[in-house]
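Chemist: Give me a model of this one.
(2 chains)
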Protein chains: 2
Amino acid sequence: MEKFEITILGCGSASPTSLRHPASQIVNIREKFSMIDCGEGTQMQMRTYKMGFQKLRNIFISHMHGDHCFGLIGLISSMGLLGRTAALHIYAPESFEGILQTQLNTFCDGMEYQVVFHPLQTDTHQLIYEDRSMEVYTLPLKHRIPCCGFLFKEKPTLPHIHRKKTDFYGIPNSYLNLIKNGADWIMPDGTIIKNEALTLPPAPTRSYAYCSDTAYNESLQPYLKDIDLLYHESTFGTEEEEIAKLTFHSTARQAAIMARNCHAKQLMIGHFSARYTDINPLLNEAQEVFPNTIAAQEGLTIQL
Amino acid sequence: MEKFEITILGCGSASPTSLRHPASQIVNIREKFSMIDCGEGTQMQMRTYKMGFQKLRNIFISHMHGDHCFGLIGLISSMGLLGRTAALHIYAPESFEGILQTQLNTFCDGMEYQVVFHPLQTDTHQLIYEDRSMEVYTLPLKHRIPCCGFLFKEKPTLPHIHRKKTDFYGIPNSYLNLIKNGADWIMPDGTIIKNEALTLPPAPTRSYAYCSDTAYNESLQPYLKDIDLLYHESTFGTEEEEIAKLTFHSTARQAAIMARNCHAKQLMIGHFSARYTDINPLLNEAQEVFPNTIAAQEGLTIQL
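Modeler: Modelled structure (predicted):
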């Protein structure tokens, strides 16, 4: 099966700890690499976990709190020092453009590649990126400042060739690529063998949603229905539900309720407050509601 | 003896590695804490090495390359989250003020403490900070952009009381603090006992110089004469002397020549290029010229 995997570079929250870096993840869909959020130290985490800098094409920034974006200028700058020539695309709330441009002007003068900024409307669910392998949509989140999550949807691959059938009809190998791309086969006597009879359906498509930072937000559910993996922030445990509410964050239990209501296949909790050195109480709390929950940890790669 | 110690938080250079963080150090002179440079990840390094955020009063930034300043906004921001109220003083090349102010406006709205910017003239040797314990001077360095090092000079402490003498003259304890601060003693018969006869000289003052980033620069020598510890960048080994020259950096050998010519008591080399995983060749090269050389490493604290 082709790759659809997520690697956690950081799963902490605003206050730094020696245990956890701030938010950042790499999403690899069929060897196309995207980053979500880029907290301080992300480039060092990429080194630690041997993620290539130059493979990154797109960076999606959820919101303008420092623990989600302070590492961006360092990463951009290092890519330049390492000789990058391919354009890098930054998708972020529109108010990020000014500060990014100021930083680029100040620190990246003469850099050999282009940084292309794509402003995001954080309060809508819309398609923001598309290529042959995937679509990326915003997810409107409820935080103290404009903030959106991201939904990654794999596009269907081409169907598989049904070798027994193509052999039976004597279809030459040189024609198989056309069959894979949808062509029918015309027999010498003019009979048409429809494409559906010559192919097997491709693997089901997969999807991943990143929801951080956000208060518990039921209006997200329609977008997350049957998601393969839901990453949902769990800054706090239920004992801090009031603080979660005040600061527009979620508890682990709320993340699990969201996963259950969306019929998610799996939940990953993250964005843990610095007060938790041991994450197990949060994990247990979530698993009581939604058993197929795992806790994010740095360096973890999960294959969908 | 009162504290004069330097802790290395990062001693790498521009390209990130999993071995070394970019430049940052803490200078503790009699429990007054200053930071020199603040590369990305410095706040995490402070956590790792248990350096208190709120003790910092002054941060000195040598120049505006990212590996010397990208961690500053994160550190400032975290100090705010952690409830700092005391003003923080930033000393940096004057062109840093604009970008710092833009970052503060964008990311630190409503923060409860004041960030005071002090612009530096990087091309002169001048006093930029003074308190009861120390003086800090700029050191004009030769780099690709305006850049200065920093010279920390301890001020003399008060003399020690010569207990045998004060006892001999029957001086009451309540008067000893005045003696310590320079008073003479008048005997009942009117005889004056001079202060010098009642005190012993204080410990000799100590000094530390930070020279990074810079090409080999003989004109620094007068400022560094008899320095207790010279931190001098050694981005490269002699085999890369041409690259060092082109990029306005120094080799380990050049750092050692500087230490020898200044009659430094000790040399610490640092700011190592990412190409060196093993620093020993650089250290050996320096020790051939100046035996009392050590290599910087993260977490190392050296007491003068």
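Chemist: Could you check how far the residue nearest to A:K225 when sequence neighbours are not counted is from A:I193?
Modeler: Nearest residue to A:K225 in three dimensions, chain neighbours excluded: A:C262, at 5.7 Å (C-beta to C-beta, 6 or more residues apart in numbering or on different chains). Where C-beta positions appear, they are placed from N, C-alpha and C, glycine not excepted. Separation of A:C262 from A:I193 (C-beta to C-beta, to the nearest Å) stands at 41 Å.
Chemist: and these two? which has more neighbours close in?
Modeler: Taking other C-beta atoms under 10 Å in any protein chain shown, A:C262 and A:I193 do not tie; A:C262 has more neighbours (21 against 17).
Chemist: which bits of chain A sit near chain B?
Modeler: By C-beta under 8 Å from any C-beta of the partner chain, the residues of chain A that approach chain B are A:14-18, A:21, A:40-41, A:43-44, A:47-48, A:64-66, A:70-71, A:73-74, A:77-78, A:81-82, A:98-99, A:102-103, A:106-107.
Chemist: how close does whatever residue of the stretch 101-250 of chain A ends up closest to chain B sit to B:I36?
Modeler: Nearest residue of the stretch 101-250 of chain A to chain B, counting by C-beta to the nearest C-beta: A:T106, 4.8 Å away. From A:T106 across to B:I36, the span is 21 Å (C-beta to C-beta).
Chemist: likewise A:M268?
Modeler: Separation of A:M268 from B:I36 (C-beta to C-beta): 40 Å.
Chemist: Report the rounded mean pLDDT for stretch A:247-267.
Modeler: Taken as a whole, stretch A:247-267 has a mean pLDDT of 98.
Chemist: Identify the spatial nearest neighbour of A:N292, chain neighbours not counted.
Modeler: Excluding the flanking residues, the one nearest A:N292 by C-beta to C-beta, 6+ apart is A:Q266, at 5.0 Å.
Chemist: So if I had to pick from A:T106 and B:I36, which one is more boxed in?
Modeler: Of the pair A:T106 and B:I36, B:I36 is the one with more neighbours under other C-beta under 10 Å, namely 26 against 17.
Chemist: host element of the more buried one?
Modeler: For B:I36, the element it lies in under DSSP states H and E is strand B:32-38.
Chemist: Give me the distance between that strand and the centre of its chain.
Modeler: 7 Å (C-alpha atoms, centre = their mean, to the nearest Å).
Chemist: Please work out which residues outside it touch it.
Modeler: For strand B:32-38, the external contacting residues (C-beta atoms under 8 Å, 6 or more residues apart in numbering or on different chains) are B:10, B:22-27, B:42, B:51-52, B:55-62, B:68-72, B:75, B:131, B:133-134, B:136, B:150, B:152, B:210, B:212.
Chemist: One more pass at 6 Å, please.
Modeler: Residues outside strand B:32-38 that contact it (C-beta atoms under 6 Å, 6 or more residues apart in numbering or on different chains) are B:23-27, B:55-56, B:58-60, B:62, B:68-69, B:71-72, B:75, B:133, B:150, B:210.
Chemist: ok, now stretch A:43-54?
Modeler: Looking at what lies outside stretch A:43-54 - C-beta under 6 Å, 6+ apart - the contacts are A:9, A:21, A:26, A:74-75, A:78-79, A:84, A:299, B:16-18, B:41.
Chemist: Point me to the residue of the stretch 201-304 of chain A nearest chain B.
Modeler: For the stretch 201-304 of chain A, C-beta to the nearest C-beta, closest residue to chain B: A:A274, 9.2 Å.
Chemist: just checking, A:G170 is part of a helix?
Modeler: No - according to DSSP: H, G, I helix; E, B strand; the rest coil, A:G170 belongs to no helix; its state is coil.
Chemist: low-confidence ranges in the stretch 151-300 of chain A?
Modeler: The model of the stretch 151-300 of chain A has no residue with pLDDT under 70.
Chemist: Now do the strands in it.
Modeler: A:160-161, A:185-186, A:192-193, A:199-200, A:207-211, A:229-233, A:266-270, A:293-295 (DSSP state E, counting those that start in this stretch).
Chemist: Need the winner for burial among these.
Modeler: For these, average neighbour numbers computed from mean count of other C-beta atoms under 10 Å in any protein chain shown are highest in strand A:229-233, which has a mean of 28.
Chemist: can you list the residues that contact it?
Modeler: Here strand A:229-233 has contacts from A:208-213, A:250, A:255, A:258-259, A:264, A:266-268, A:271, A:304, using C-beta under 6 Å, 6+ apart.
Chemist: In three-state terms, label A:E40 for me.
Modeler: Following three-state DSSP, the label given to A:E40 is coil.
Chemist: That one contacts A:C69, doesn't it?
Modeler: No - between A:E40 and A:C69 there is no contact under C-beta atoms under 6 Å: 8.9 Å.
Chemist: and the two? which has more neighbours close in?
Modeler: Neighbour totals were compared for A:E40 and A:C69, and A:E40 leads with 32 against 29 (other C-beta under 10 Å).
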